[in-house]
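Engineer: Need the 3D shape of this:
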Amino acid sequence: MLKLDLVADQSIPNSVPVASLGRRLIFWDFPRASWQYDVVVGLILIFIFAIPREWFRDQPKASSIILMSSQHGSNRVFIATDLLETVPESERARRAQLLIHQRTGKSWHVARVEPIRDEDAHEVKGFIAYTDQAQ
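Structural biologist: Numbers count the residues shown, from 1 in each chain. Modelled structure (predicted):
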C-alpha cells in the first residue's frame with residue numbers, strides 16, 4: 001500500500017522559489033490581511049484603473065436602431081445613417097422593416113422613411129422610420 005506523505009519537505013529553504021510564487025499569485029494563495037494579499041489587491045486595482053480602454057478595444061457603441069416613441073398604435077424608430085444611406089430611396093422602407101425585425105423581433109410595417117439632415121440640409125445624420133400600426 002502506497003503511503004502519501006503530506007508533510008512539507010523540510011529541506012526547502014525559506015526563500016520562495018519563483019515557480020511557487022507564480023502558483024501562489026495565480027491561485028491567490030495568500031492569507032487575508034497579509035502584506036502579500038494587499039500587494040495583489042493593489043496590483044489588480046492599478047490594472048483596472050490605469051490600463052486604457054483602447055487596449056481592449058472595448059469602446060461603447062450607440063445603438064443603431066432605437067424606438068423613439070409609440071403613440072396610438074404607430075411607432076417612430078431611429079435608424080443609424082450607415083444602415084440605410086447606400087439603399088436606394090425606393091427600397092428604404094422595405095430595408096428598414098427588415099432591420100427593425102432583425103434587431104427587435106417586431107414585425108412592424110414601415111409606411112415611410114425620412115432622412116434626418118444637419119442644419120445646412122447637406123449631410124444625412126440618420127433616418128426615422130414611421131410604422132403604421134404596432135402588431
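Engineer: Buried residues in stretch 36-52, which are they?
Structural biologist: Neighbour-count burial for stretch 36-52, counted by 16 or more other Cβ atoms under 10 Å, picks out no residue. No exception for glycine: its C-beta is placed from N, CA and C like everyone else's.
Engineer: which residues touch that stretch?
Structural biologist: The contact list for stretch 36-52 (Cβ atoms under 8 Å, 6 or more residues apart in numbering) reads 24-25, 28, 30-31.
Engineer: Only whichever of the residues you listed are buried, select them in PyMOL.
Structural biologist: This is how PyMOL selects the buried members of the contacts of stretch 36-52, with burial counted by 16+ other Cβ under 10 Å:
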select buried, resi 30
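Engineer: From the contacts of stretch 36-52, which land in helices?
Structural biologist: Counted as lying in helices by DSSP state H, out of the contacts of stretch 36-52, are 24-25.
Engineer: closest to Val110 among the contacts of stretch 36-52?
Structural biologist: Within these, proximity to Val110 (Cβ to Cβ) peaks at Trp28, which comes in at 54.2 Å.
Engineer: Dihedrals phi and psi, the closest one?
Structural biologist: For Trp28, the backbone dihedrals (degrees, to the nearest 10) come out as phi 50, psi 60.
Engineer: per-residue confidence averaged over the helix ranked longest in the chain?
Structural biologist: With secondary structure taken from DSSP H, the chain has its longest helix at helix 35-50. Helix 35-50 carries an average pLDDT of 90.
Engineer: so which strand or helix has Phe127?
Structural biologist: Element membership for Phe127, per DSSP states H and E: strand 124-131.
Engineer: lowest-pLDDT helix or strand in the protein?
Structural biologist: Using mean pLDDT, DSSP states H and E, the weakest-scoring helix or strand in the chain turns out to be helix 18-27, at a mean of 78.
Engineer: got the angle between it and helix 35-50?
Structural biologist: Per axes from the mean of the first three to the mean of the last three Cα atoms, to 10 degrees, the angle that helix 18-27 makes with helix 35-50 is 60 degrees.
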